[in-house]
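J.: predicted coordinates and the sequence they were generated for:
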Amino acid sequence: MDTAFLIKFLGAIFAIMNPFVNLPMFLSLTDGMSLAEQRRAALRTVAYSGALCAVVAMAGTAILGFFGISVDDFRVAGGLVLMIIGLGMLNGRAGSAHHGTSAERAQQDPESDPSFYPLAFPILVGPGTITTIVVFTGQARGMGDHLAIALALAGVLVALGVVMFFAASIGHYLSQTLRVVMIRIMGMILAAIAVDMIASGLKALLPGLA
């Protein structure tokens with residue numbers, strides 16, 4: 001297993017699906033639920049997110065091939081999407097490119113279960129997450145790299161499950177200042193990874209730049 005590959009993917013996927021950054025959104029969407037209902041919603045959200053990530057990981061490159069899009073094409077486009085999301089986080093905004101617009105979120109029926117929409121999709125597994133999984137699975141070489149992707153996803157999903165399961169308790173200790181600091185740090189990491197994606201894609205598409 002390539003440790004550098006594992007760390008890079010883990011950093012990217014954690015920056016996007018960060019449990020603590022997404023905790024206030026979860027608390028907002030489950031407001032009014034009993035503790036038991038909120039915890040069931042947390043488990044369903046993680047299950048849906050895991051299923052979506054698995055589908056993307058297994059079928060992402062095949063879908064690109066169906067449309068005649070190379071991994072390098074997607075790497076450049078996906079890097080631009082991640083850059084937009086990362087810059088939004090650096091400016092303290094939850095970008096609509098990943099979380100959806102406020103109008104889209106407002107369409108959520110207050111009486112319906114938010115576990116799949118909008119929590120699992122598009123808040124947790126939105127364009128940023130999908131882009132990261134597709135790009136890294138596309139450049140994975142051998143079972144070791146695929147195992148690294150699976151382990152990183154499993155780790156982040158477990159962290160999501162723990163944080164959301166105990167959301168009511170953790171929310172009391174997660175100050176606004178700490179949340180802002182975490183968003184800025186994750187935004188910087190995401191922007192740096194986006195630059196690497198774009199540069200790698202352009203070098204492959206335009207060898208003269210190498």
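T.: Done, it's in.

J.: point out where this protein drops to low pLDDT.
T.: 93-111, 210 (pLDDT under 70).

J.: please go through it and pick out the longest helix.
T.: Using DSSP state H, we find that the single longest helix of the chain is helix 35-66.

J.: in that helix, what counts as buried?
T.: Residues of helix 35-66 classed as buried: 38-42, 44-46, 48-50, 52-53, 56-57, 60-61, 64 (neighbour count, 16 or more other CB atoms under 10 Å). C-beta coordinates here come from the backbone N, C-alpha and C atoms, glycine included.

J.: repeat that for stretch 145-165.
T.: For stretch 145-165, the neighbour count (16+ other CB under 10 Å) marks 145, 148-149, 152-153, 156-157, 159-161, 163-165 as buried.

J.: could you do stretch 201-210 as well?
T.: Buried residues in stretch 201-210 (16+ other CB under 10 Å): 201-202, 204.

J.: mind exporting it as CSV, just the C-alpha atoms?
T.: Written as CSV, here are the backbone C-alpha positions of stretch 201-210 (Å, rounded to 0.1, in the frame of the first residue of the first chain):
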residue,chain,number,x,y,z
GLY,A,201,-4.2,16.7,-15.4
LEU,A,202,-2.7,19.5,-17.5
LYS,A,203,0.7,17.8,-17.6
ALA,A,204,-0.9,14.6,-18.9
LEU,A,205,-3.1,16.4,-21.4
LEU,A,206,-0.4,18.9,-22.5
PRO,A,207,3.0,17.1,-22.2
GLY,A,208,4.8,20.3,-23.3
LEU,A,209,4.0,21.8,-19.9
ALA,A,210,5.9,19.2,-18.1
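
J.: ok, and what's touching it?
T.: Residues external to stretch 201-210 that are found in contact with it (CB atoms under 8 Å, 6 or more residues apart in numbering): 70, 72-76, 79.

J.: which pair in these spans the largest distance?
T.: Maximum pairwise distance among the contacts of stretch 201-210 (CB to CB): 13.9 Å, between S70 and G79.

J.: which one's more surrounded, the two?
T.: Applying other CB atoms under 10 Å to S70 and G79 shows that G79 carries more neighbours, namely 25 against 15.

J.: so which of the buried residues of stretch 201-210 is the closest to L10?
T.: Nearest to L10, judged by CB to CB, of these is G201 at 20.8 Å.

J.: from M33, how far out is P114?
T.: Here P114 is placed at a distance of 9 Å from M33 (CB to CB, to the nearest Å).

J.: go on, M197?
T.: 38 Å.

J.: more crowded one of these two?
T.: Legend: neighbour count by other CB under 10 Å for M197 and M33, higher for M197 (27 against 16).

J.: list the contacts of that one.
T.: Applying CB under 8 Å, 6+ apart, the residues near M197 are 75-76, 78-79, 82, 135.

J.: where's it, which helix or strand?
T.: Taking DSSP states H and E as the definition, M197 sits inside helix 176-205.

J.: what comes up buried for that helix?
T.: Applying a neighbour-count criterion of 16+ other CB under 10 Å, the buried positions in helix 176-205 are 179, 182-183, 186-187, 189-194, 197-198, 200-202, 204.
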